[in-house]
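Student: what follows is a protein structure lacking sequence information:
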């Protein structure tokens, strides 16, 4: 009698704590070779509360790409940089522009020429940074005004 009760308890515990509950919450069951205990596949929770296996139709949720580039610091322009692409906030300031303009440039379709996207002749006021959109893998740089002092420029992707 004790053996039968123990066997039934083991069967019930393996069903409740094993595949029965996991299949409902974790997606499809995965069988491992060689008689190892079955695992479970990760799933993505849907808006209706259901859970579907991870795959092309239901990829893992990820945060947007974050990127922050320093294009100029301490009155020195950085080398051209490759961006991920998307919407960016361009901020810049100089102690003195010496009558010139700071220019944000991107590599043109010919793959050689750097084209001016926008220019600034004065420092951005609080909240006055420019929103720019750049293509995937665009190459960008800045040109500082001749004789300018204390220039800095940054480009940050909006996730």
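Tutor: On my side now, so go ahead. Predicted model, so just to flag it, every value in this text is computed and none were measured.

Student: can you tell me how far the closest residue to residue 117 other than its chain neighbours sits from residue 74?
Tutor: Among residues not flanking residue 117 along the chain, residue 104 sits closest, at 4.9 Å (Cβ to Cβ, 6 or more residues apart in numbering). The way it works is simple: take the backbone N, C-alpha and C, and place the C-beta from them, glycine included. Applying Cβ to Cβ, to the nearest Å, the value for residue 104 to residue 74 is 18 Å.

Student: could you do residue 107 as well?
Tutor: From residue 107 to residue 74 the distance is 25 Å (Cβ to Cβ).

Student: which of those two has more neighbours?
Tutor: residue 107 (18 against 7; other Cβ atoms under 10 Å).

Student: pLDDT score for the most centrally placed residue in the chain?
Tutor: Among the residues of the chain, residue 65 comes closest to the average C-alpha position under Cα atoms, centre = their mean, at 1.4 Å. Residue 65 carries a pLDDT value of 78.

Student: extract the residue ranges of the protein that are flagged as low pLDDT.
Tutor: Along the chain, the model assigns pLDDT under 70 to residues 1-41, 63, 126-127.

Student: which elements pack onto the helix or strand where residue 133 lies?
Tutor: Following DSSP states H and E, one finds residue 133 within strand 130-134. In terms of contacts (3 or more Cβ pairs under 8 Å, 6 or more residues apart in numbering; DSSP states H and E), strand 130-134 is packed against strand 86-93, strand 114-120.

Student: 6 Å instead?
Tutor: strand 86-93 (3 or more Cβ pairs under 6 Å, 6 or more residues apart in numbering; DSSP states H and E).

Student: partners of residue 72 in the sheet?
Tutor: Using DSSP bridges, the bridge partners assigned to residue 72 are residue 77, residue 153.

Student: who's in contact with it?
Tutor: Residues in contact with residue 72 (Cβ atoms under 6 Å, 6 or more residues apart in numbering) are 142, 151-153.

Student: which one of those residues is nearest to residue 61?
Tutor: Nearest to residue 61, judged by Cβ to Cβ, of the contacts of residue 72 is residue 153 at 33.4 Å.

Student: neighbour-wise, which of the contacts of residue 72 leads?
Tutor: Busiest of those [other Cβ under 10 Å] is residue 153, holding 25 neighbours.
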